[in-house]
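> with the sequence up front, the predicted model follows.
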Amino acid sequence: MRYYIEQTKNAYESFWWLSDNLTPHWRKNRPPLESFSIVGERLFTYEDVLLFKETCDDLLLRHFKTDKREANYTFWWLGIIGNQSKRSEKIVHYYKYWKELEKYKDVHGFTSRIEAPIIVHEELGYIGVAEFDLNALPLAIEMMRNSSKTGCIVFKEKKENASSKEIMQLALAHEFEIGSVFSFSNLIPALASHHYHTYLWKFYNTEEELCCFYRVTD
């Protein structure tokens, strides 16, 4: 396993899936985006993957702990759960998002939880948003890697107005892809337009990448 760090001043030029899939609205009004990525190569074994994930944890924790930077940001988890198993609506409404997630993850460190139902292509699902502190960042990264198409980390400087409800509103307002999957190419600029930054996890054969998209200061 080896890794490297990549930065770009224009994320739309560096990530084709981001620029090619923008809706007409965001093509005309896209907010300026920079990107920061940690790229892992030669991930041939489970041990390689585990080492790369631990490397990402360490690099991000050190980044936010430097100069007390962690005190300047608020972090959220944003995720979506569909109903691919076709359970009854009664069961789906009972578990919603967070109770469903608690069956698989210890998310006691995720606070101020909110959730909202969605219907995508006649499929019932739920969106969940919760705040977490830096101690829970490794778990949030693990969750993001395990649900790369349905979950992401959102963060914002505390000097800016921010709330879980606003993130939820932005998520509910954007279009979803088939199967209750986030269309990140349009969710990212929607969040950036309100000065939220986004972490995503991407897979490329024997490579994996933790991407950060952040709003350029006006």
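The structure has been received and is ready for your questions.
> now residue 189: phi and psi?
The phi and psi values for residue 189, taken as degrees, to the nearest 10, are phi -70, psi -30.
> contacting residues around it?
22, 26, 30-31, 33 (CB atoms under 8 Å, 6 or more residues apart in numbering). Placement of C-beta: from N, CA and C, glycine included.
> gap between it and residue 56?
24 Å (CB to CB, to the nearest Å).
> repeat that for residue 25.
32 Å.
> give me the mean pLDDT for the lengthiest helix in the chain.
The longest helix of the chain (DSSP state H) is helix 46-65. Per-region confidence: helix 46-65 scores 93 on mean pLDDT.
> over to stretch 7-19?
Here the average pLDDT along stretch 7-19 is 92.
> out of the helices and strands in this structure, which is least certain?
One helix or strand of the chain scores below all others by mean pLDDT, DSSP states H and E: strand 176-177, with a mean of 68.
> who does the next helix or strand after that one pair with, and is each partner parallel or antiparallel?
Later in the chain than strand 176-177, the nearest helix or strand by DSSP states H and E is strand 181-182. Strand 181-182 has the following strand partners under DSSP bridges: strand 176-177 (antiparallel).
> quick one: list the elements packing against the helix or strand where residue 27 lies.
In the assignment (DSSP H and E), residue 27 maps to helix 24-29. In terms of contacts (3 or more CB pairs under 8 Å, 6 or more residues apart in numbering; DSSP states H and E), helix 24-29 is packed against helix 184-192.
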